[in-house]
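Student: Prediction below, plus the sequence it came from.
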Amino acid sequence: MLFQTTKEHEALRMKVRAFAEKEIKPIAFALDKESTFPVEQVKMLGEMGLMGIPYPKKYGGAELDFMSYAIAVEELSRIDGGTGVILSAHTSLCAWPIYAYGTESQKEKYLTPLSQGKKIGAFGLTETNAGSDAMGTETTADPDGDFYVLNGGKIFITNADVAEIYVVTAVTNPGMGARGISAFIVEKGRQGFTFTDHYDKLGIRSSSTCELVFNNVRIPKENLLGKEGEGFRIAMATLDGGRIGIAAQALGIAQGAFEEALAYSKERVQFGKPIAYNQAISFKIADMATKLRASRLMVYSAADLKENKQPYGMEAAMAKQYASDLGLEIVNDALQIFGGSGFMKGMAVERHYRDAKICTIYEGTNEILRAVVAGYIVGKPPKESAVKVKKAGGPVTGVRKKIILSDGPVKERVAKLVEALKADGYDFTIGLDPQTPVSAAGRVVCVGKGIGEKKNLGFAEALAHQAGAAISCSRPVAENQKYMPLNRYIGMSGQKFTGNLYIGIGVSGAGQHLKGIKSASTIVAINNNANAPIFKNCDYGIVGDFAEILPLLTAALDNGQPKKLVEQPKKIKRAVPKKLPPSYKIHICSGCAYEYDQGLGDPEGDILEGTPFAMLPDEWICPVCGEDKEQFI
């Protein structure tokens with residue numbers, strides 16, 4: 001074994017490097033500063049045959065090996081990490097599962113334009129409650145005739161709004177854990193399929209990242225990828241290959257930073273000689289080069305195993321974890337060599353420093369990957385030593401009443417809402433300066449993107465006056481639409497609202513926003529999208545057009561008298577709904593009287609909580625006496 005790439009590999013490297021130097025490098029600073037997707041450059045990658053490197057020519061691919069794919073990602077990332085991950089997510093996360101699990105007609109329809117670069121692909125797995133724990137998927141796909149109806153959302157999606165073809169996971173059989181998740185091919189343009197604004201990220205800013213939102217999106221049944229219940233397995237296999245791409249991205253970012261630092265160390269003269277000859281610096285350079293070589297061998301080895309159809313899951317996890325961890329060390333040393341100059345915006349090494357961090361997080365955090373590697377080595381723990389852990393998930397804002405008023409005339413629904421709020425102790429004869437800081441306000445009226453044009457703020461301001469509330473907004477309204485100053489937005493990274501009453505108007509309920517209101521005593525949501533996440537996180541909600549609802553609500557809160565100004569109203573205790581008895585039957589073993597409660601499941605038998613008795617595997621037996629399912633009543 002020579003541990004050496006072939007002439008063909010190196011010829012491809014030079015081809016991609018020349019492209020990156022000519023087409024990406026001159027605009028890399030602008031792409032980063034303006035958070036702009038390199039549309040024309042990605043189109044050129046398609047014309048060069050680089051968007052389908054490892055796929056057969058019959059599907060429009062270049063029919064090269066996975067080593068070639070890793071080299072292409074590495075070379076693009078050497079100049080710009082964001083451009084590298086565009087290729088990586090497209091090739092390994094969207095195109096590969098279609099190639100590996102798709103039908104022939106699916107491959108012809110979807111893989112071919114992806115491989116040719118005529119369409120860009122993306123992968124939708126991550127959700128607010130399903131990050132490292134992908135079994136926590138809450139997006140649903142319910143069968144309806146010849147279609148599945150998709151509802152929910154995905155977060156942190158690379159290539160999100162620029163893609164046209166998506167592989168998306170969703171729950172088709174609730175209560176069955178991993179076996180209840182399926183995968184689908186979803187096309188852009190489907191009614192109800194929308195996107196949130198771009199995330200404002202620390203690094204890889206040339207890569208488009210935002211959320212996918214599904215509101216009753218109808219997906220033809222022929223777009224099911226694989227079989228029902230195979231989605232989790234497809235997703236995990238997809239991530240195995242994707243980790244090779246992220247490892248290559250981390251390697252390329254580190255290589256770029258290393259080269260920048262090496263060149264600078266030869267030019268920068270201190271104490272009469274270039275600093276490269278200072279032992280402290282030369283040792284850094286030697287260590288950086290060693291780490292790069294070790295990382296490169298691991299990345300290429302994993303790619304080679306995949307190409308030769310050998311097990312590669314463990315090696316891919318090792319390569320991604322190792323290359324990204326060492327990548328951080330390398331870019332840190334590279335910036336240190338630059339000293340103060342490296343800390344300045346516009347320096348490539350500063351951008352590499354920011355780009356490198358994400359590689360330790362996505363496609364499996366490095367903490368999770370260590371668990372993956374350990375699992376390959378030591379296997380699963382014996383059942384008797386398994387720890388019972390309560391399943392995570394549920395509303396971001398905690399347990400809420402979730403009383404959604406969606407039926408009947410709007411005026412009646414508004415009246416019911418006002419009656420309920422007054423019953424909860426809210427006095428609407430009191431008032432508040434609408435510009436009171438969010439953190440000091442007892443009540444807020446918060447507007448989201450759903451408010452539409454800026455002139456519609458008048459509806460919210462009138463309501464805030466009658467509700468005795470301060471005015472606030474979601475982050476996009478302040479940052480992108482600039483309707484309000486930044487100090488008025490609510491969210492995990494902005495102001496936290498810990499007061500009594502929160503009324504959200506046109507707020508969809510992104511996770512970071514919900515975390516900013518989780519301490520509110522009462523959450524009210526007004527939105528025309530019945531599937532908006534905020535409705536799962538509120539106490540009261542009205543589904544409908546805010547332009548019709550708000551004037552009625554404002555009038556209902558107007559007692560015809562001037563408001564009594566109160567600086568800080570008394571904190572109202574949050575109302576927690578009473579726990580109701582289960583709506584399902586408890587099944588009792590006729591042999592030992594053991595009770596199977598689907599709300600608890602059977603953790604010792606790997607049965608998740610929420611699994612109905614009828615959906616238990618045929619081989620399941622009583623965990624106490626071993627009786628078959630048939631012996632339960």
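Tutor: Perfect, I can see it now.
Student: Make sure Leu111 is actually in contact with Pro54.
Tutor: No: assessed by C-beta atoms under 8 Å, Leu111 is found out of contact with Pro54, at 11.4 Å. All C-beta spots, glycine's among them, are computed from the backbone N, C-alpha and C.
Student: quick one: which of those two has more around it?
Tutor: Set Leu111 next to Pro54 and count neighbours by other C-beta atoms under 10 Å: Leu111 wins out with 28 against 25.
Student: Helix, strand, or coil at that one?
Tutor: For Leu111, the assignment made with DSSP: H, G, I helix; E, B strand; the rest coil gives helix.
Student: next one: phi and psi at Lys273?
Tutor: phi -150, psi 160 (degrees, to the nearest 10).
Student: bridging residues for it?
Tutor: Taking DSSP bridges as the rule, Lys273 bridges to Gln270.
Student: Give the burial count for it, as a bare number.
Tutor: Lys273, neighbours per other C-beta under 10 Å, totals 9.
Student: Low-confidence bits of the stretch 451-600 of the chain, can you list those?
Tutor: The stretch 451-600 of the chain contains residues with pLDDT under 70 at 567-569, 575-581, 583.
Student: Can you show me the strands along the stretch 201-350 of the chain?
Tutor: 209-220, 224-225, 269-270, 273-274 (DSSP state E, counting those that start in this stretch).
Student: what do you get for the stretch 51-200 of the chain?
Tutor: Applying DSSP E, counting those that start in this stretch to the stretch 51-200 of the chain gives strands spanning 121-124, 140-144, 147-158, 165-171, 181-187, 193-195.
Student: Asn529 is nearest to which of those?
Tutor: strand 193-195 (9.1 Å; C-beta to C-beta).
Student: Can you give the distance of that closest one from its chain's centre?
Tutor: Averaging C-alpha positions (C-alpha atoms, centre = their mean, to the nearest Å) puts strand 193-195 14 Å from its chain's average.
Student: Please report the distance of the residue of the chain positioned farthest from its centre from Asn216.
Tutor: In the chain, the residue that sits farthest from the middle, by C-alpha atoms, centre = their mean, is Gly272; the gap is 51.2 Å. According to C-beta to C-beta, to the nearest Å, Gly272 stands 72 Å off from Asn216.
Student: cool, and Lys482?
Tutor: Distance of Lys482 to Asn216, computed by C-beta to C-beta: 32 Å.
Student: just Gly121 next, same as before
Tutor: Distance from Gly121 to Asn216, counting by C-beta to C-beta: 24 Å.
Student: Looking at these two, which one has more neighbours?
Tutor: Neighbours around Gly121 and Asn216, counted as other C-beta under 10 Å, are more numerous at Gly121. The numbers are 28 against 16.
Student: dump the residue contacts of the closest residue to the more buried one other than its chain neighbours.
Tutor: Residue nearest to Gly121 in three dimensions, not counting chain neighbours: Cys94, with 2.7 Å by C-beta to C-beta, 6 or more residues apart in numbering. The contact partners of Cys94, by C-beta atoms under 8 Å, 6 or more residues apart in numbering, come to Leu114, Gly121, Ala122, Phe123, Asn159, Ala163, Ile165, Tyr166, Val167.
Student: So what sits opposite the last one in the bridge?
Tutor: If I follow you right, that is Val167. Beta-bridge pairing for Val167 (DSSP bridges): Phe123, Ile185.
Student: what about Pro409, neighbour count?
Tutor: Pro409 sits with 9 neighbouring residues when counted by other C-beta under 10 Å.
Student: go on, Thr137?
Tutor: There are 26 residues near Thr137, going by other C-beta under 10 Å.
Student: Please report how far it lies from Ala130.
Tutor: In terms of C-beta to C-beta, Thr137 sits 5 Å off from Ala130.
Student: Could you list the buried residues of stretch 142-152?
Tutor: For stretch 142-152, the buried set under the neighbour-count rule, 16 or more other C-beta atoms under 10 Å, comprises Phe147, Tyr148, Val149, Leu150, Asn151, Gly152.
Student: ok, and what's touching that stretch?
Tutor: Residues outside stretch 142-152 that contact it (C-beta under 8 Å, 6+ apart) are 127, 138-141, 168, 170, 172, 184, 186, 192-193, 214-221, 223-224, 531.
Student: Filter those residues down to the buried ones, ChimeraX style.
Tutor: The ChimeraX command for the buried members of the contacts of stretch 142-152 (criterion: 16+ other C-beta under 10 Å) is given here:
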select :127,138,139,140,141,168,170,172,184,186,193,214,215,216,217,219,223,224,531
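Student: Looks like Asn500 contacts Phe428 (just checking).
Tutor: No: Asn500 is beyond contact range of Phe428, at 11.9 Å (criterion: C-beta under 8 Å).
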